[in-house]
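J.: Model the following, please.
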Amino acid sequence: MEFKALTDYYQNKLEEDLGQTIAQVETSLDYGDNHESRYEETNIGNFVADSYRDHFNADIGLMNGGGIRTSILTGEFTLRDAYAILPFGNKVILANVKGETIQAALENSVSRVESLGRGFLQVSGIHYSYNPDLPVGERVQSVTINNEPIDLEKDYLVAMPNYIFHGGDGYTMFAESEILVDDTNAQTDAEVLIQYASKLGTINASLEGRIVVIQ
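T.: Below is the predicted model:
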């Protein structure tokens, strides 16, 4: 009986902690009814990618759309919401990445949009367009980073999930990039999102034309 009481106490404490409000959602964060985060810009994708970029004050934030798992309605934003959006516990790492590697990553990002591939990248600090009717490897067009044309020879600071950096969803191109904050020293994605939401206070993520699909 004492064991059950102790278990109930910790379960109730966990529920109480997860229900803690950390921000207000002014505009609903939409994952999409048809997995839109896997083929086009979404405001929840912008919110997550922005949190990664802000965490390290990086040039770029990247998030694989398949790792975003739910939408969040307007109202209170709780710890539970953050863990529902990002339930897998990936670490957010920082790497020094050459422009040509970023270009290759974007091509990989749009290579499986027809099948709603999980690796489609939601982005922060980048604007680009892609044409799904072109051959794989030739789909990405007009990439800008912080409003400047991408420099294929330049190194950029990129914040991303360790899942991507270590080759998940076909992102093998990062193998030669220098990691600056590795898995051991990195925080989880949900922790980073919680800190960013708390910093904002009011979450009002919108679509900004970061990713343009050419039809």
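
J.: May I have the residues that are in contact with the residue nearest the centre of the chain?
T.: Central residue of the chain (CA atoms, centre = their mean): M63, 2.7 Å from the mean position. Counting by CB atoms under 8 Å, 6 or more residues apart in numbering, M63 touches G45, V48, A49, Y52, L121, Q122, V123, M160, P161. The way it works is simple: take the backbone N, C-alpha and C, and place the C-beta from them, glycine included.

J.: correct me, but the third one touches L62?
T.: Spelled out, it's A49. Yes - between A49 and L62 there is a contact under CB atoms under 8 Å: 6.4 Å.

J.: And those two? Which one has more around it.
T.: L62 (29 against 26; other CB atoms under 10 Å).

J.: joint contacts of A49 and L62?
T.: Joint contacts of A49 and L62 (CB under 8 Å, 6+ apart) are Q122, V123, S124.

J.: most surrounded residue in those residues?
T.: These, ranked by neighbours (other CB under 10 Å): first place Q122, 29 neighbours.

J.: How about the secondary structure of that one?
T.: Here Q122 is recorded as strand under DSSP: H, G, I helix; E, B strand; the rest coil.

J.: any idea how far M63 is from P87?
T.: 14 Å (CB to CB, to the nearest Å).

J.: what residues are up against the closest residue to F174 other than its chain neighbours?
T.: Leaving aside its sequence neighbours, F174 sits nearest to F165 (CB to CB, 6 or more residues apart in numbering; 5.0 Å). F165 makes contact with I93, A95, Y171, F174, S177, I179, according to CB under 8 Å, 6+ apart.

J.: Quick check on the fifth one: phi, psi?
T.: What it means is S177. Here is the backbone geometry of S177 (degrees, to the nearest 10): phi -80, psi 150.

J.: Repeat that for the second one.
T.: When quoted as degrees, to the nearest 10, the phi and psi of A95 stand at phi -140, psi 160.

J.: What of the first one?
T.: Dihedral pair for I93: phi -100, psi 170, per degrees, to the nearest 10.

J.: List just the nearest of the shared contacts of A49 and L62 to N185.
T.: The shortest gap between N185 and any of the shared contacts of A49 and L62 belongs to S124, at 21.3 Å (CB to CB).

J.: which residues does the closest one contact?
T.: N46, A49, D50, Y52, R53, I60, G61, L62, R210.

J.: count of neighbours near the fifth one?
T.: To tie it back to what came earlier, the one meant is R53. Neighbours of R53 (other CB under 10 Å): 25.
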